[in-house]
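1. A predicted structure for the sequence below; I have some questions about it.
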Amino acid sequence: MMKIGMIGLGDIATKAYLPVVNQKNLEVHLFTRNKNKRKEVAGRYRFPHSHESMESLIQSGIKAAFVHTSTASHFEIVEQLLQNNIHVYVDKPVTYDYESTRRLVAMAGKNGLILMGGFNRRFAPGYVQLSNLKDVNMIIMQKNRKSLPGDVRTFVFDDFIHVIDTLLFLFQHDIEKVTVTGRKTKALLNHVVVQFDSPVGATAIGIMNRDSGTVEESIEIFTPSEKWVVRNLTETTIYKNGDSTRQAADDWTSTLYKRGFDQVTDAFLQRVISRTSPDQLHREVLRTHEVCEEVVRQLLV
């Protein structure tokens, strides 16, 4: 039975990851500095192993760890885990800037360890089916929020990163140009638009408006013969030859599966067990953070 750590027991851990790992044959070790939270979660899931410090958690012999703490704390925690030969899954973003993410990825690669970012959309069935389409010439993705302008770097790395990573996952072409526009009110970013242009004329556009009247997510993806639209990760409509076909996820399928959390957790654990080379994974993580850094740079010019 593999020992894993769960670091940080806030909403994302308790709603998206603990229900998944609780169904697997794992020895789960919990750590948070919040004693009451640690006791409550351990009791809820009947996990007998919890720790008052990172040192105690590491000494328990965990082989891999899930990091669900605040982004500002990621570098220190991930660095400590990697220094102790522990594979890491960390919520997006890995850090708030490309250079510190690059340093962590380099450390992981040097030690043959997996450092995986929490990009669940790469595993959501509604988006996986889009990755199999051929001859894609345009993608338009929107992820909007209601009345939530924010600091430019935090906005991009904490939230817009999902749009950037999903476009990089689905776009089948080299990117020769990245164009960014946005609207700021004083120091706060209201909305942002990024456009990827390829040498063959294909285009990908990502939009986030955090000063909108709704919370929504949608992707439109075009080929010469059809158009696919996925709304809120689960509702698919296919337009072809003047007709439209709707696909809806099974009502009995869990929300965590529909949103890719089951699958991304499995993917990480299987990589650890099989000792899969982390090189491709690390390149993908770095590329996403590199583009985020470029978006921030253009917005702050």
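-> Thanks, I have the structure now. Residues are numbered from 1 along each chain as shown.
2. just checking, residue 214 touches residue 142?
-> No. Applying Cβ atoms under 8 Å as the test, residue 214 and residue 142 come out as separate, 10.5 Å apart. To be clear about C-beta, it is placed using only N, CA and C from the backbone, and glycine gets the same treatment.
3. comparing those two, which residue is more hemmed in?
-> Each of residue 214 and residue 142 has its neighbours counted (other Cβ atoms under 10 Å); residue 142 has more, 18 against 8.
4. quickly list what that one is bridged to.
-> Beta bridges link residue 142 to residue 207, residue 218 when assigned by DSSP bridges.
5. ok, it to residue 23 distance?
-> Distance of residue 142 to residue 23, given as Cβ to Cβ, to the nearest Å: 33 Å.
6. same check on residue 273?
-> Separation of residue 273 from residue 23 (Cβ to Cβ) stands at 16 Å.
7. how about low-confidence regions in the stretch 101-250 of the chain?
-> Across the stretch 101-250 of the chain, no stretch falls below the confidence threshold (pLDDT under 70).
8. can you give me the strands for it?
-> 115-117, 138-144, 150-151, 177-185, 188-197, 203-209, 216-222, 227-231, 235-240, 243-248 (DSSP state E, counting those that start in this stretch).
9. pick the most deeply packed of these.
-> strand 115-117 (a mean of 24; mean count of other Cβ atoms under 10 Å).
10. same for that one, what does it pack against?
-> strand 87-90, helix 98-110, helix 261-274, helix 279-300 (3 or more Cβ pairs under 8 Å, 6 or more residues apart in numbering; DSSP states H and E).
11. residue 61: neighbour count?
-> Neighbours of residue 61 using other Cβ under 10 Å come to 10.
12. wasn't it part of a helix?
-> No. Applying DSSP: H, G, I helix; E, B strand; the rest coil, one finds residue 61 to be coil, outside a helix.
13. quick check: phi and psi at the closest residue to it other than its chain neighbours.
-> For residue 61, ignoring the flanking residues on the chain, the nearest one in space by Cβ to Cβ, 6 or more residues apart in numbering is residue 3 at 5.5 Å. With angles defined as degrees, to the nearest 10, residue 3 sits at phi -90, psi 130.
14. residues contacting residue 3?
-> Taking Cβ atoms under 8 Å, 6 or more residues apart in numbering, we find residue 3 in contact with 26, 27, 29, 60, 61, 62, 63.
15. just send those back as JSON lines, with distance to residue 239 too.
-> Shown next, in JSON lines, are the contacts of residue 3 (distance: Cβ to Cβ, whole Å):
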{"residue": "26", "distance to residue 239": "43"}
{"residue": "27", "distance to residue 239": "49"}
{"residue": "29", "distance to residue 239": "49"}
{"residue": "60", "distance to residue 239": "53"}
{"residue": "61", "distance to residue 239": "54"}
{"residue": "62", "distance to residue 239": "48"}
{"residue": "63", "distance to residue 239": "47"}
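16. need the buried ones from the residues you listed selected in PyMOL.
-> To isolate the buried ones among those in PyMOL, judged by 16 or more other Cβ atoms under 10 Å, type:
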select buried, resi 26+29+62+63
